[in-house]
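Student: Sequence first, then the predicted structure, then my questions.
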Amino acid sequence: MDLAIKKQVLRHFTYGLYGVTCIEGNNVNAFTANWVTQVSFEPPLVAVSIENDAKSLPMIERTRRFAICVLRRGEGQRELAGDLGKSGIKHPGKMERIAYAILGNGYVTLDEALSWVACEVRQTVLAGDSMLLVGEVVDAGVIREGEPLTMKEAGFRHAG
């Protein structure tokens, strides 16, 4: 296989940009995700891929909960996605600069997002250098109207 061609083709896949949040005790973390998809209508299931060495993965595995926040087009959103993309292990204070809310249901939402879904983990699948989490949507909310941010619009490029 020609690796350059493979990378070019994978970059043709369309992706949104999301902030995935989690909380364990008083410890809040979030990261940028682009491998997110709905996988079932009934029950309502979504899947997200998380790198195996991510700070959030063991937090989510222990609590069995996460939220996916849809990032929006507009000023500051590319920077927010970049800040969320910093390793929580290498940058333990990254959440100090990011506005978020802890909802009454115990999930975390990002103040600058368009909308969010709160999920309970139903299944995990080891997928190479990542873990695929399938979560059942147990709550959802709209924060504001707007258009979702995409990888292409943000100028991010990702493909193995």
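Tutor: Done, it's in.
Student: can you pull out the helices in this structure?
Tutor: Ranges of helices in the chain, per DSSP state H, are 3-10, 56-63, 77-84, 151-154.
Student: want to try TSV for the ones you listed, with distance to residue 91 and mean pLDDT as columns?
Tutor: Heads up, the C-betas are built off the backbone N, CA and C, glycines and all. Shown next, in TSV, are these (distance: least, CB to CB, whole Å; pLDDT from 0 to 100):
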stretch	distance to residue 91	mean pLDDT
helix 3-10	27	79
helix 56-63	13	96
helix 77-84	9	82
helix 151-154	19	62
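Student: Residue 45 is in contact with residue 117, isn't it?
Tutor: No - with contact defined as CB atoms under 8 Å, residue 45 does not count as touching residue 117 (10.5 Å).
Student: what about the two, which has more around it?
Tutor: residue 117 (23 against 17; other CB atoms under 10 Å).
Student: Correct me if wrong: that one contacts residue 140.
Tutor: Yes - look at residue 117 against residue 140 with CB under 8 Å: they come within range, at 4.7 Å.
Student: for the chain, which spans come out with low pLDDT?
Tutor: Applying pLDDT under 70 to the chain flags residues 12, 151-160.
Student: centroid residue for it?
Tutor: The centroid of the chain falls nearest to residue 20 when counting by CA atoms, centre = their mean (3.1 Å).
Student: Once you drop chain neighbours, what's closest to it?
Tutor: By the measure of CB to CB, 6 or more residues apart in numbering, the closest residue to residue 20 outside its immediate chain neighbours is residue 33, 4.8 Å from it.
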